[in-house]
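**Student:** Return atomic coordinates for the entry below.
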Amino acid sequence: MKLKPLDDRVVIEIKEELEEKNVGGIIIPDTAKEKPQIGEIIAVGPGKINDEGKIIPVSVKVGDKILYGKYGGTEVDIEDKKYLIISSSDILAIIK
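**Tutor:** Predicted coordinates for the structure are as follows:
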């Protein structure tokens, strides 16, 4: 993939959830489901520049599985995969 985020942004591969059924066997359509909030870091920007001109590095690295905020970022489709570009401040936790 040739996508390089700028500043403190990261590119996340969105992990699709499996098809869900409730107890009665009714399949819930994609339009009624909430977006997944778990993804894997694919690319990391260099970091944010502070007032003194120093770069503050991003605290995640490529390969980290993360939990991110529900409404942040911009979704893009590249080569039939869904990616999300978000600011590092929208990352809530690293999943270990």
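**Student:** Tell me how many other residues surround residue 72.
**Tutor:** Counted by other C-beta atoms under 10 Å, the residues lying close to residue 72 total 15. C-betas here are computed from N, CA, C, even on glycine.
**Student:** what's the pLDDT at it?
**Tutor:** Residue 72 is assigned a pLDDT of 81 by the prediction.
**Student:** cool, and residue 79?
**Tutor:** With respect to pLDDT, residue 79 scores 85.
**Student:** Return the distance of it relative to residue 10.
**Tutor:** The gap separating residue 79 from residue 10 is 19 Å, by C-beta to C-beta, to the nearest Å.
**Student:** Neighbour count for the two, which is higher?
**Tutor:** Using other C-beta under 10 Å as the criterion, residue 79 and residue 10 rank with residue 10 on top: 26 against 6.
**Student:** So what sits opposite the more buried one in the bridge?
**Tutor:** In this structure, residue 10 bridges to residue 44, residue 86 when assessed by DSSP bridges.
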